[in-house]
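K.L.:
Pasting a predicted model and its sequence here:
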Amino acid sequence: MTRIGTRLLQAAAEAAAMARGEALPGATLHEQPDVRAIRAELKLTQPAFARRFGLPLGTVRDWEQGRAIPDQAARTLLRVLAGDPEAVPRARFG
């Protein structure tokens, strides 16, 4: 097998392992925030959560239903919301 073929097979195996949630040497898997739990803790509906924190409602729904995962910036926002929910409105509205 060629070097490129070997590398493609290795990459495919690593991608499959990552999809299963398995940690790989040297790979960093980011724990995804539980958006539904954060929202429930704040006692907000999806529309109220989206409106309060300046997020598209469709994005919140996609996160909760697993159709999309938050990117790094969104994960940071969600960690802040989980720890200090008033920090975001203070930052947005002064």
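P.N.:
On my side now, so go ahead.
K.L.:
burial of the residue nearest to residue 38 when sequence neighbours are not counted, as a residue count?
P.N.:
Among residues not flanking residue 38 along the chain, residue 82 sits closest, at 5.1 Å (C-beta to C-beta, 6 or more residues apart in numbering). Using the backbone N, CA and C atoms, a C-beta is placed for each residue, glycine as well. By other C-beta atoms under 10 Å, the residues close to residue 82 number 15.
K.L.:
same thing with residue 63?
P.N.:
By the criterion of other C-beta under 10 Å, residue 63 has 23 neighbours.
K.L.:
Would you mind measuring from it to residue 8?
P.N.:
Noted for residue 63: a distance of 32 Å to residue 8, by C-beta to C-beta, to the nearest Å.
K.L.:
And residue 14, by the same measure?
P.N.:
11 Å.
K.L.:
Same question for residue 49.
P.N.:
For residue 49, the distance to residue 8 - C-beta to C-beta - is 42 Å.
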